[in-house]
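Undergrad: this one's structure only:
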Ligand code: NAD
Ligand code: TDX
């Protein structure tokens, strides 16, 4: 089996590559990644010498280069993680989100049509459903919940999902989509809440909490997401959407306090800052379909997953310190400087 994994130098894509090389050592994995600010080749250093692995630096919007790679590698399955993934950046500069997340998805699927594949899998997000009110804990996102996006990021992901389903209906392309809740774990870029808080705690910097910190996210350890995608590409039904989430809803402020305690830092570091524009209140996935059809259940409890994650950031300081000492400084200053 030849699998092209796009965006594999990023957070979830790299964890997926490690998961797949271990679980299916006979598979060949080709990672295609543009290496944007969020892609990091050093993340893949442990697999670079694996004969079953190949890295190719490539933009999914570059049609000719994508076609050439398909011709050369003749892939059976495509798993598309490549995306601009940070909501705050999408609010500042939407255009790149439209290019990569929408046009890039179309280019990949055109390549699939041209060269023929067994499965195109789109890695999507629970953010396509918009948000739920805080005072209705009985409500959850199911696969039937209407698309109702808030940010340029989530709108671009929802547009891609619509295109994927259109390619299924119009061209019969064998597609599937997973819509997952917030992931956490090793190799997450430190612009996202959990690694940002860990890094700031370790550097005794203030911990920026948007608004009142009451927004709720449904956190899933990254390996559980990888396992879900592995199940879907092998056993999931073509043309279907699968929600992925572990019923682990937490308020942002509680996450930040847990991190302070785990790292032995004072909660006095917490600073309430201006809210994100259009900030979604609550995400909560109903994972009944993937459980009933594919037997998926999350395996990592939050207490264990967050401990493993914190330990990873403690053991791999060089990985994130290199990131936050470079161009990221300018980003941090523009995003948080006078917030
Ligand atoms: P990330 O930002 O860490 O990684 C994205 C990767 O895509 C990077 O390696 C980057 O270099 C690459 N990339 C960006 N533009 C590209 C292009 N034009 N061509 C080729 N490569 C390109 O993102 P992540 O958090 O790992 O998210 C991966 C996917 O999962 C995204 O599609 C995201 O929407 C989705 N998702 C993420 C979460 C989450 O909590 N992080 C939850 C649900 C879904
Ligand atoms: O400094 C911060 N302070 C803060 O309060 C940051 C970076 C975030 N937040 C809040 C905003 C959100 O309510 O924490 C919550 C989580 O924020 P992010 O880590 O930016 O994630 P989110 O916006 O929820 O989106 C994530 O999950 C869904 C991923 O980045 C998306 O790619 C994925 O689709």
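TA: Ah, there it is. Everything numeric here is computed off the predicted structure, so don't read it as measured data. Ligands and ions are numbered 1, 2, ... in the order given.
Undergrad: and the protein, which of its residues are near ligand 2?
TA: By the rule C-beta under 6 Å from any ligand atom, the part of the chain lying against ligand 2 is 85-87, 125, 127, 182, 192-193, 196, 208-210, 215, 217, 252, 276. Bear in mind the C-beta positions are built from the backbone N, C-alpha and C, glycine included.
Undergrad: For these, which ChimeraX command selects only the ones that are buried?
TA: To isolate the buried members of those in ChimeraX, using 16 or more other C-beta atoms under 10 Å:
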select :85,86,87,125,127,182,192,193,196,208,209,210,215,217,252
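Undergrad: quick one: secondary structure of the closest residue to residue 316 other than its chain neighbours?
TA: Closest residue to residue 316 in three dimensions, ignoring its sequence neighbours and counting by C-beta to C-beta, 6 or more residues apart in numbering: residue 186, at 7.4 Å. What DSSP: H, G, I helix; E, B strand; the rest coil gives for residue 186 is coil.
Undergrad: what ranges do the strands span in the stretch 201-339 of the chain?
TA: Assigned strands in the stretch 201-339 of the chain, in chain order: 207-210, 216-218, 220-221, 240-244, 249-251, 270-273 (criterion: DSSP state E, counting those that start in this stretch).
Undergrad: and those as CSV, adding mean pLDDT?
TA: Below are those laid out as CSV (pLDDT from 0 to 100):
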stretch, mean pLDDT
strand 207-210, 98
strand 216-218, 98
strand 220-221, 98
strand 240-244, 98
strand 249-251, 98
strand 270-273, 98
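Undergrad: and the residue lying closest to residue 220 once chain neighbours are set aside, what does it touch?
TA: Computed as C-beta to C-beta, 6+ apart, the closest residue to residue 220 that is not its neighbour in sequence is residue 246, at 4.8 Å. Neighbour list for residue 246: 181, 218-221, 224, 285, 287, 298 [criterion: C-beta atoms under 8 Å, 6 or more residues apart in numbering].
Undergrad: could those residues go into CSV alongside neighbour count?
TA: Listed next are the contacts of residue 246 as CSV, based on neighbours: other C-beta atoms under 10 Å:
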residue, neighbour count
181, 24
218, 22
219, 23
220, 27
221, 25
224, 21
285, 26
287, 24
298, 22
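Undergrad: about what we covered before: going by distance to residue 135, which of the residues of the chain next to ligand 2 wins?
TA: residue 215 (13.6 Å; C-beta to C-beta).
Undergrad: show me what contacts that closest one?
TA: Counting by C-beta under 8 Å, 6+ apart, residue 215 makes contact with 251-252, 279-282.
Undergrad: coming back round to it: can you tell me how far the residue nearest to residue 316 is from ligand 1?
TA: Distance of residue 186 to ligand 1, given as C-beta to the nearest ligand atom, to the nearest Å: 11 Å.
Undergrad: Residue 141 too?
TA: In terms of C-beta to the nearest ligand atom, residue 141 sits 12 Å off from ligand 1.
Undergrad: oh, and call the first residue 49 from now on, that's how I've got it
TA: In the new count, where the first residue is 49, that last one comes out as residue 189.
Undergrad: Beta-bridge partners for that residue, please?
TA: For residue 189, the beta-bridge partners are residue 333 (DSSP bridges).
Undergrad: Kindly tell me how buried residue 202 is, as a neighbour count.
TA: Residue 202 is flanked by 26 other residues according to other C-beta atoms under 10 Å.
Undergrad: Phi and psi next, for the closest residue to residue 94 other than its chain neighbours.
TA: Of all residues not flanking residue 94 in the chain, residue 66 sits nearest, at 7.6 Å (C-beta to C-beta, 6+ apart). Dihedral pair for residue 66: phi -60, psi -40, per degrees, to the nearest 10.
Undergrad: And residue 66, how far from residue 89?
TA: 15 Å (C-beta to C-beta, to the nearest Å).
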